[in-house]
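Asker: heads up, no residue letters with this:
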């Protein structure tokens, strides 16, 4: 009897081995984008991802492949964040984090520059690391807030700017690019980036449908507005934009064990027992409803961890759809630095997307009054 059972066990294992299906992906849509970079030891994914998104916009709008500076935007946003933190007397977020609209706000206020003009690295530095910079700035701001001189020192702002100059470099008022002189604002016009053309979309049950609302998450220090749409519409607008040549900026939660930059996939298995297997093999995925999505957000299982750039669509051998997501952790992991994110993962873990308003359907534009 034991021999029969043992034989049956081997047959079952062999059948499982035969039925196991390793991922096989085929490209459906691949919108042109620039090379993957690494944000190194910084929390500036918001700038790297949105700058990558803007580089794809420059390609789409002008046909030019321009390497834009992430750190020019970071430097100016740190200035704005410092002012916000001080004026709120420390009752606000002050960290390396941010959101996609912070880049758009920076373009409107400060413009853009090429990477060759502003790298954010000082002499001898090869990688970004902002841990010390943020610690120094926060310590300074906390001191000014306490007002040891009994009143707020007027020196606080030039002192903060000096620290940013030392760590990241001085702001550029004018520069030469390909033989022509530009200011950051005139350069933004040259590459045809108009901040008024970009909108942020989200989907949550606690906000009114088709109206802008301020999403209360820690990194939304600038109180940016999000248009609230249905979850099905959030998926559809992303797919349709990509199919029509528009890339999409993504803010999502990557804390799930089934988000793996190493394996290059992000999925939501229907069974928790399949979490490990799902990184290499096809498994049944969870049916993600708006109610489940909302519950996971409200219990903090879904948070605004990381921003990336969606540049395409792929499908597996069973015709399931995945978004091709460009990460900013270098090219040595996963699919040469890309993560293939399933639609169930996107439905559950997306905080928001940002895209050009022309990438939105006429019907949805009408609902949003755009």
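Answerer: Nice, I can see it. As the structure is a prediction and not an experimental result, all values here were calculated from the model.
Asker: quick one: the helices in the stretch 1-150 of the chain?
Answerer: Along the stretch 1-150 of the chain, the segments classed as helices by DSSP state H, counting those that start in this stretch run 2-19, 45-62, 70-87, 100-110, 131-146.
Asker: Using TSV, lay out those together with mean pLDDT, mean neighbour count and distance to residue 308.
Answerer: (Each C-beta comes from the backbone N, C-alpha and C, glycine too.) Shown next, in TSV, are the helices of the stretch 1-150 of the chain (pLDDT from 0 to 100; neighbours: other Cβ atoms under 10 Å; distance: least, Cβ to Cβ, whole Å):
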stretch	mean pLDDT	mean neighbour count	distance to residue 308
helix 2-19	41	9	32
helix 45-62	98	24	5
helix 70-87	97	22	14
helix 100-110	98	23	10
helix 131-146	96	15	22
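Asker: In TSV, list the ones you listed along with distance to residue 273.
Answerer: Below are the helices of the stretch 1-150 of the chain laid out as TSV (distance: least, Cβ to Cβ, whole Å):
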stretch	distance to residue 273
helix 2-19	13
helix 45-62	31
helix 70-87	40
helix 100-110	36
helix 131-146	38
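Asker: what's the closest of those to residue 327?
Answerer: Evaluated over the helices of the stretch 1-150 of the chain, closeness to residue 327 peaks at helix 45-62, with 8.2 Å, by Cβ to Cβ.
Asker: counting contacts, what elements does the closest one pack onto?
Answerer: Packed against helix 45-62 by the contact rule (3 or more Cβ pairs under 8 Å, 6 or more residues apart in numbering; DSSP states H and E) you find helix 70-87, helix 100-110, strand 248-252, strand 306-315, strand 350-356.
Asker: Dump the ones you listed to CSV, plus distance to residue 197.
Answerer: Shown next, in CSV, are the helices and strands packed on helix 45-62 (distance: least, Cβ to Cβ, whole Å):
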stretch, distance to residue 197
helix 70-87, 17
helix 100-110, 9
strand 248-252, 13
strand 306-315, 17
strand 350-356, 5
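Asker: nearest to residue 33, of the ones you listed?
Answerer: Here strand 306-315 is closest among the helices and strands packed on helix 45-62 (Cβ to Cβ), at 4.4 Å.
Asker: Would you mind getting the angle between the helix or strand that the closest one is followed by and strand 350-356?
Answerer: Remark: after strand 306-315, the chain's next helix or strand is strand 321-326, criterion DSSP states H and E. Strand 321-326 runs at 70 degrees relative to strand 350-356, counting by axes from the mean of the first three to the mean of the last three Cα atoms, to 10 degrees.
Asker: Strand 321-326 pairs with which strands?
Answerer: Here strand 321-326 has these sheet partners by DSSP bridges: strand 306-315 (antiparallel), strand 338-342 (antiparallel).
Asker: Return the distance of that strand from the chain's centre.
Answerer: Computed by Cα atoms, centre = their mean, to the nearest Å, the chain-centroid distance of strand 321-326 equals 13 Å.
Asker: One more: stretch 352-361?
Answerer: 14 Å.
Asker: Okay, and the beta partners of the residue nearest the centre of the chain?
Answerer: Centroid check for the chain by Cα atoms, centre = their mean gives residue 307 as the closest residue, at 1.7 Å. Judged by DSSP bridges, the bridge partners of residue 307 are residue 251.
Asker: Identify the residues contacting it.
Answerer: Counting by Cβ atoms under 8 Å, 6 or more residues apart in numbering, residue 307 makes contact with 45-46, 48-50, 99-100, 249-252.
Asker: same thing but at 6 Å, please
Answerer: Contacts here follow Cβ atoms under 6 Å, 6 or more residues apart in numbering; on that basis residue 307 touches 45-46, 49, 251.
Asker: for residue 167, same thing?
Answerer: Going by Cβ under 6 Å, 6+ apart, residue 167 touches residue 133.
Asker: try it again with 8 Å
Answerer: 122, 130, 132-133, 136.
Asker: Using JSON lines, lay out these together with distance to residue 31.
Answerer: Shown next, in JSON lines, are the contacts of residue 167 (distance: Cβ to Cβ, whole Å):
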{"residue": "122", "distance to residue 31": "35"}
{"residue": "130", "distance to residue 31": "30"}
{"residue": "132", "distance to residue 31": "37"}
{"residue": "133", "distance to residue 31": "34"}
{"residue": "136", "distance to residue 31": "40"}
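Asker: Closest to residue 365 out of those residues?
Answerer: residue 130 (38.0 Å).
Asker: wouldn't that closest one be in contact with residue 47 here?
Answerer: No - when contacts are counted by Cβ atoms under 8 Å, residue 130 is not listed as touching residue 47 (11.0 Å).
Asker: Would you mind telling me which of the helices and strands packed on helix 45-62 is nearest residue 185?
Answerer: Going by Cβ to Cβ, the one of those nearest residue 185 is helix 100-110, 7.6 Å.
Asker: who touches the closest one?
Answerer: For helix 100-110, contacts defined as Cβ under 8 Å, 6+ apart pick out 46-47, 49-51, 53-54, 72-73, 76-77, 80, 171, 184-185, 188, 193, 195-196, 198, 200, 221-222, 224-225, 249, 251, 307, 352, 354.
Asker: Need the strands paired with strand 321-326 in JSON lines (columns: mean pLDDT and distance to residue 126).
Answerer: Formatted as JSON lines, the strands paired with strand 321-326 follow (pLDDT from 0 to 100; distance: least, Cβ to Cβ, whole Å):
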{"stretch": "strand 306-315", "mean pLDDT": "98", "distance to residue 126": "23"}
{"stretch": "strand 338-342", "mean pLDDT": "97", "distance to residue 126": "24"}
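Asker: Reformat the ones you listed as CSV; add distance to residue 264.
Answerer: Shown next, in CSV, are the strands paired with strand 321-326 (distance: least, Cβ to Cβ, whole Å):
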stretch, distance to residue 264
strand 306-315, 11
strand 338-342, 6
